[in-house]
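**Student:** My questions concern the predicted model and sequence given below.
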Amino acid sequence: MSITASEILDSTKNYNPDEEEEEIEEKKDNIIMNPVISKLGGYEFFRNVLKSPKKTVAPMVDHTFLAFRMLCRKYGADMVYTPMFHSKNFATCKTYRRDYWSTCPEDRPLVVQFCGNEPEWVVKAAKYVEDHCDAVDLNLGCPQQIARRGNYGSFLLDKPEIILPIVRELHKNIKVPIFCKIRLLPNLDDTIKLALQLQEAGCQLLTIHGRTKEQKGHNAGIANWKAIRTIREQLSIPVIANGSVLQYEDIDRCLEETGADGIMSAEGILANPSFFSGLKIPIYQVAREFIDLTEIYKTSIHNTRSHLFKMLKDKLDVYSDFRETMAATHTNQGFRDILTELETREKNNMPPVKILTNKQKRELKKEKENNIDSTDTLKKQKVDDSDQNLNNNNNNNNNNNNNNNNNNNNNNNNNENNNNINTEIKNEEEKEKILINN
């Protein structure tokens, strides 16, 4: 799906999120638990409504807002998720909805994702968006500590007594189909069992991230595509494979190895929002287009900066002095100026500029502190050794003095003995003289 800038501008002329919010607010008091709503599901919905999406943009907290979603659609995304929304906050706080939720007619197919552990709040939150999206997704994959503290995401995977009632109530009460996104459990059989339970409860599409909740950050490793295939073979609903899809070439390889109906990308699409197109679009061009879209669709400077840092990571690794400049920039024009300067440096083959990142600074500081501690220890050891040597020298000198004194005493004794001998000899000579004279 390709959307021109003029089409985007035309589509936003009549879009008023405040009016939409007022309409939704009026519905809030009328939210009730209804009997099962008749709607398409499974492969019928996947093919006829979603048009068999092959390339899906993952839900990413603080990132997949409207401007970024529209950028990804321009470059080949078939379906896009919103960021994960906290269901209770979404259902109870108008400011939360106003700050984080927005869409437009061209923002389709769209899946809105919620996290939560209580059916009531997840259903109430979903009621606010059911008329403005194609499906609602329950997050069962977030592995972060905030999810542990809040008891949601992947920390519910081993708690079907919490998960399944939520899926059932969503399926019964929401106009659009219900999707789920999970991670692998440590035991593959347990994951298959959960997937079948979710399908039975009313889940119409399952996204499987081929990692466990422990596999994250530096310990992420490679996604287990074989496990996804094994689960896929047990289900009768569409499956989307998530994990280790970072380059365009990974898409078909993942589909072949997993047997999935589509793929989902997160990190790859953040680094290069055009990669679903398979085209070699200069990242500077993509970044400028994103900035333009943030002016059409209300986007915070913080969010804009965060996306630019990810898109320009490779460039900023070479000209790292721009990191601090980017962090201190608070206008779109400032961001455009940075792009121009970066591109100029690269075209002119200017030498790299290396400035330590905050993380590197902390590591260097820690290393210096360790070196200072080591140096102090070494100095103290040298002082102790010097004192010991001095003591040893003093002891040796004392021993030498004692030896000298002993020698002197011996000499004196020898002299005394000699004197005594001489005296004795003299006395004997005197005696001889007396005898002779007598």
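**Tutor:** Sure thing, it's come through.
**Student:** If you drop the residues flanking it in sequence, what lies closest to T191?
**Tutor:** Distances taken as CB to CB, 6 or more residues apart in numbering place L185 nearest to T191, at 4.5 Å, with adjacent residues excluded. Glycine gets a C-beta too; all of them are placed from N, C-alpha and C.
**Student:** how deep is that neighbour tucked in, by neighbour count?
**Tutor:** Neighbour count of L185, defined by other CB atoms under 10 Å: 19.
**Student:** Just read off the phi/psi values of it.
**Tutor:** phi -80, psi 160 (degrees, to the nearest 10).
**Student:** right, and it touches F155 too?
**Tutor:** No - applying CB atoms under 8 Å, one finds L185 not in contact with F155, separated by 11.8 Å.
**Student:** ok, back up a step: okay, the residue nearest to T191: pLDDT?
**Tutor:** Looking at L185, its pLDDT stands at 98.
**Student:** Could you do I222 as well?
**Tutor:** Looking at I222, its pLDDT reads 96.
**Student:** Assign a three-state SS to L138, would you?
**Tutor:** Counting by DSSP: H, G, I helix; E, B strand; the rest coil, the backbone at L138 sits in strand.
**Student:** how many other residues sit next to the closest residue to it other than its chain neighbours?
**Tutor:** Closest residue in space to L138, ignoring its immediate chain neighbours: C180 at 5.0 Å, by CB to CB, 6+ apart. For C180, the count of nearby residues is 27 (other CB under 10 Å).
**Student:** any idea how far N242 is from C180?
**Tutor:** The gap separating C180 from N242 is 12 Å, by CB to CB, to the nearest Å.
**Student:** Now do the shared contacts for the two.
**Tutor:** Common neighbours of C180 and N242 (criterion: CB atoms under 8 Å, 6 or more residues apart in numbering): T207.
**Student:** Let me see the backbone angles for F85.
**Tutor:** With angles defined as degrees, to the nearest 10, F85 sits at phi -110, psi 140.
**Student:** ok, now I182?
**Tutor:** According to degrees, to the nearest 10, I182 has phi -120, psi 170.
**Student:** Test my guess that it contacts L205.
**Tutor:** No - using CB under 8 Å, I182 is not in contact with L205, being 11.6 Å away.
**Student:** on that earlier part again, and the residue nearest to L138, what does it touch?
**Tutor:** Neighbouring residues of C180 by CB under 8 Å, 6+ apart: 137-138, 140, 167, 198, 203, 205-207.
**Student:** Give me the secondary structure label for it.
**Tutor:** Put simply, C180 is strand when judged by three-state DSSP.
**Student:** circling back: out of the contacts of C180, who's the most crowded?
**Tutor:** Counting neighbours by other CB under 10 Å, C203 comes out on top of those with 30 neighbours.
**Student:** shouldn't that residue be in contact with L170?
**Tutor:** No - contact criterion CB under 8 Å: C203 and L170 do not qualify, at 9.0 Å.
**Student:** Quick check: neighbours shared by these two?
**Tutor:** With contacts defined as CB under 8 Å, 6+ apart, the residues shared by C203 and L170 are I178.
**Student:** Just give the number of residues close to the closest residue in space to A266 that isn't next to it in sequence.
**Tutor:** Of all residues not flanking A266 in the chain, A58 sits nearest, at 3.9 Å (CB to CB, 6+ apart). Residues near A58, counting by other CB under 10 Å, number 26.
**Student:** Verify the stated contact: Q144 with G153.
**Tutor:** Yes - using CB under 8 Å, Q144 is in contact with G153, at 7.3 Å.
**Student:** Quick check: the residue nearest the centre of the chain vs S244, distance?
**Tutor:** Nearest to the geometric centre of the chain sits G217, at 5.2 Å (CA atoms, centre = their mean). Counting by CB to CB, the separation of G217 from S244 is 15 Å.
**Student:** In contact with F179, which residues are there?
**Tutor:** Applying CB under 8 Å, 6+ apart, one finds that F179 lies in contact with 111, 135-138, 203-207.
**Student:** Any stretches of the stretch 251-400 of the chain with poor pLDDT?
**Tutor:** Along the stretch 251-400 of the chain, the parts satisfying pLDDT under 70 run over 373-400.
**Student:** again, 80 this time
**Tutor:** Within the stretch 251-400 of the chain, the segments meeting pLDDT under 80 span 356-361, 372-400.
**Student:** What ranges does the protein have for its strands?
**Tutor:** Assigned by DSSP state E, the strands in the chain fall at 55-57, 79-86, 110-115, 135-140, 178-183, 203-209, 239-242, 262-265.
**Student:** so what strands line up beside the second one?
**Tutor:** Applying DSSP bridges to the sheet, strand 79-86 is found paired with strand 55-57 (parallel), strand 110-115 (parallel).
**Student:** Can you show me the helices along the stretch 251-400 of the chain?
**Tutor:** Assigned by DSSP state H, counting those that start in this stretch, the helices in the stretch 251-400 of the chain fall at 267-271, 283-296, 301-311, 313-318, 321-327, 332-347, 358-437.
**Student:** What are the contacting residues of the fifth one?
**Tutor:** I take that to be helix 321-327. Contacts with helix 321-327, where a contact means CB under 8 Å, 6+ apart, come from 305, 308-309, 312, 315-316, 335, 338, 341-342, 353, 355, 357.
**Student:** Can you give me the buried ones in stretch 39-56?
**Tutor:** Using 16 or more other CB atoms under 10 Å as the test for burial, stretch 39-56 gives 41-42, 45-46, 49-50, 53-56.
**Student:** Then stretch 266-285?
**Tutor:** Residues 266, 268-277, 283-284 are the ones in stretch 266-285 that count as buried (16+ other CB under 10 Å).
**Student:** Who is H86 paired with across the strands?
**Tutor:** Beta-bridge pairing of H86 under DSSP bridges involves C115.
**Student:** What residues does it make contact with?
**Tutor:** Taking CB under 8 Å, 6+ apart, we find H86 in contact with 96, 114-116, 150.
**Student:** go on, A201?
**Tutor:** Taking CB under 8 Å, 6+ apart, we find A201 in contact with 164, 167-168, 171.
**Student:** Pretty sure K226 is one of the things C254 touches, is it not?
**Tutor:** No - under the criterion of CB under 8 Å, C254 makes no contact with K226, lying 11.5 Å away.
**Student:** Compare these two and say which one has the larger neighbour count.
**Tutor:** Using other CB under 10 Å as the criterion, C254 and K226 rank with C254 on top: 24 against 11.
**Student:** you'd agree the residue nearest to A266 is up against G262?
**Tutor:** No - between A58 and G262 there is no contact under CB under 8 Å: 11.7 Å.
**Student:** Check the gap between M264 and L255 for me.
**Tutor:** From M264 across to L255, the span is 11 Å (CB to CB).
**Student:** more neighbours, these two?
**Tutor:** Of the pair M264 and L255, M264 is the one with more neighbours under other CB under 10 Å, namely 24 against 17.
**Student:** related to what we said a few turns ago, now, among the contacts of C180, which is nearest to I296?
**Tutor:** Comparing those against I296 with CB to CB places D137 closest, at 25.8 Å.
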